[in-house]
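In: take a look and give me a structure for this.
(chains A and B)
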Amino acid sequence: MAMEALPADHRDTIIMWALAKLDVAAFVTASAVICACGLLALTLFLVIKGAPPGIPVGPHLAHLALFFPGYSVTPIGALIGGAYAAVVGGIVGLLLAIFWNAAHIVFLAVVRMRASLASYSID
Amino acid sequence: MNDRVEREGATEREVLAATLRFNTRVFGLILGMFAGAALFALSVFAQYSRPNGVLAVALIGIFLPGYAPDWPGAFIGLFWGVVFGALLGTVIYRINARHVLDKIDELVIAERAADGFPRAVLRLDGHSLGLAIGATGAIGLVATTNVLVARGTAAESVHARLLGEVLPGYTVSVIGSLIGAIELFAVLYVFCFAFASIYNGIAERRQRR
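Out: This next block holds a predicted model:
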C-alpha cells in the first residue's frame, strides 16, 4: 500500500470509493454471464474429453440435473445448464449487490443522522 | 509543512483503514450469510429428497464436522457456512483492496450528488479480484486436499480424485494439490478478470447515459 501522503482531495476519493455502490444491473449481468460460461465450459470440456467406452461422461456433474431439470453432460445439456447457471448467477449477483448497497445506504444514513444531531447540539 | 504532510498522510491512512474495516465486515457478513444459507438449504434438500444430495452433504461433512442431512446437521452447516464464509470474505476483500491507494482514481465513477455527499459507482479491478479469488481458491484446494492426505484417506478419496478430470495433473497428494492449485488459480483469475471487465464496461456505459 502506498505510504506517501496524497493530496487532500484523495481523502474524498477514498471515502467515495469506500461508500461507492455497485451498479446492480451491471453486477447481475456480469454474474449471469460468468456463471453461464463457467458451467457451459466445464460441461463442454468433459464432453470433448469423453470417457472410455461403457463409462458415462461426467457422472458427478450430471447430478446437477437434480437442481437443473433437463441438464446433462452433453452439448445440448451444456446449453440448458448454461441458461440455468445464468439465472442462478444473476440471482446471487442481485442479492450480493442489493445487500452491499443496502449496508452502505444504512451506514450513510447513520452518518447523516449523527451529523445533523451534532449540528443541533452546536446550535 | 512536513508535519502537515505527515498529519495528512496519517489521516489518509486512518480514513482508508476505517473504510477497509467497514467494507471488510460488510463483505464478510454477506459471504457468511450466503455460505451459511447455501449449506443449510443443501442439507434440508438432502433430508427431503433422499438419496439425492446426501452424497454432496456427506462429502462436505468430511471437512465440516457435524454437517449432515438432518436438522441438527443443517444448523451446524449454517454455523460453519457463516464462519467460513465470513473468513473467506475477509481474506478476499483484504487481498483485493491491497493496492487501493495506488489506483483509487480508477476504482470509482463519480456521480453528481444533490445533497453534497460524495457518491460514486464502484469499479472493479480485475487483476486484484483475480488474485484475491484465485489465491483463496488455490489455497483452499491445497488445504482440503492435504487434510485428506493427513487423515490417511487419500487413497480412498475417489470423489476428490475426480477433480483430476477437470484439472489435469491433480491428484489427492501434496504434489497433485499444488498442480491443481496452479490450474485453479489460472481459471479463477481469468473468470474474475472477465467478470470485472464485463461489470466495468456495463457500469461505465450506464453512467455515461
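
In: okay, CA-based contacts and neighbour counts for the rest of this
Out: OK.

In: against which helices or strands is the longest helix along chain B packed?
Out: Using DSSP state H to define each element, chain B has its longest helix at helix B:2-48. In terms of contacts (3 or more CA pairs under 8 Å, 6 or more residues apart in numbering or on different chains; DSSP states H and E), helix B:2-48 is packed against helix A:9-18, helix A:75-122, helix B:54-61, helix B:71-96.

In: would you turn those helices into a markdown table with mean pLDDT, distance to B:Phe22 and mean neighbour count?
Out: Formatted as a markdown table, these follow (pLDDT from 0 to 100; distance: least, CA to CA, whole Å; neighbours: other CA atoms under 10 Å in any protein chain shown):
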| stretch | mean pLDDT | distance to B:Phe22 | mean neighbour count |
| --- | --- | --- | --- |
| helix A:9-18 | 78 | 8 | 20 |
| helix A:75-122 | 89 | 9 | 17 |
| helix B:54-61 | 86 | 31 | 18 |
| helix B:71-96 | 92 | 11 | 21 |
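
In: of all these, which lies closest to B:Thr24?
Out: helix B:71-96 (5.5 Å; CA to CA).

In: and the closest one, what does it pack onto?
Out: Packed next to helix B:71-96, using 3+ CA pairs under 8 Å, 6+ apart, are helix B:2-48, helix B:126-151.

In: any low-confidence regions in chain B?
Out: Across chain B, the ranges flagged by pLDDT under 70 are B:1-12, B:112-118.

In: now with 50, please.
Out: B:1-6 (pLDDT under 50).

In: which residue ranges make up each domain of it?
Out: Segmentation of chain B into domains, based on automatic domain parsing, reads B:1-95, B:125-209.

In: and chain A, which residues reach chain B?
Out: A:1-6, A:8, A:10-23, A:25-27, A:29-31, A:34, A:42, A:45-46, A:66, A:96, A:99-100, A:103 (CA under 8 Å from any CA of the partner chain).

In: next, count neighbours for B:Arg208.
Out: Residues near B:Arg208, counting by other CA atoms under 10 Å in any protein chain shown, number 8.

In: ditto for A:Gly54
Out: 6.

In: could you report the separation of it from B:Phe79?
Out: For A:Gly54, the distance to B:Phe79 equals 42 Å [CA to CA, to the nearest Å].

In: quick check, central residue of chain A?
Out: Closest residue to the average C-alpha location of chain A: A:Gly93 at 3.7 Å, with CA atoms, centre = their mean.

In: so the longest helix of chain B versus helix B:54-61, what angle?
Out: With axes from the mean of the first three to the mean of the last three CA atoms, to 10 degrees as the basis, helix B:2-48 and helix B:54-61 are set at 140 degrees to each other.

In: so how far is helix B:2-48 off the chain centroid?
Out: From the chain centre to the centre of helix B:2-48 is a distance of 11 Å (CA atoms, centre = their mean, to the nearest Å).

In: what angle do it and helix A:75-122 make?
Out: Using the same axes, to 10 degrees: helix B:2-48 against helix A:75-122 is 130 degrees.

In: could I get the phi/psi values of B:Ala110?
Out: Backbone dihedrals for B:Ala110, given as degrees, to the nearest 10, come out at phi -70, psi 150.

In: sec struct for the nearest residue to it once chain neighbours are set aside, please.
Out: Leaving out its chain neighbours, the residue that sits closest to B:Ala110 by CA to CA, 6 or more residues apart in numbering or on different chains is B:Ala120, at 4.3 Å. On the three-state scheme (DSSP: H, G, I helix; E, B strand; the rest coil), B:Ala120 is labelled strand.

In: pretty sure B:Ala120 sits against A:Ala18.
Out: No: with contact defined as CA atoms under 8 Å, B:Ala120 does not count as touching A:Ala18 (9.2 Å).
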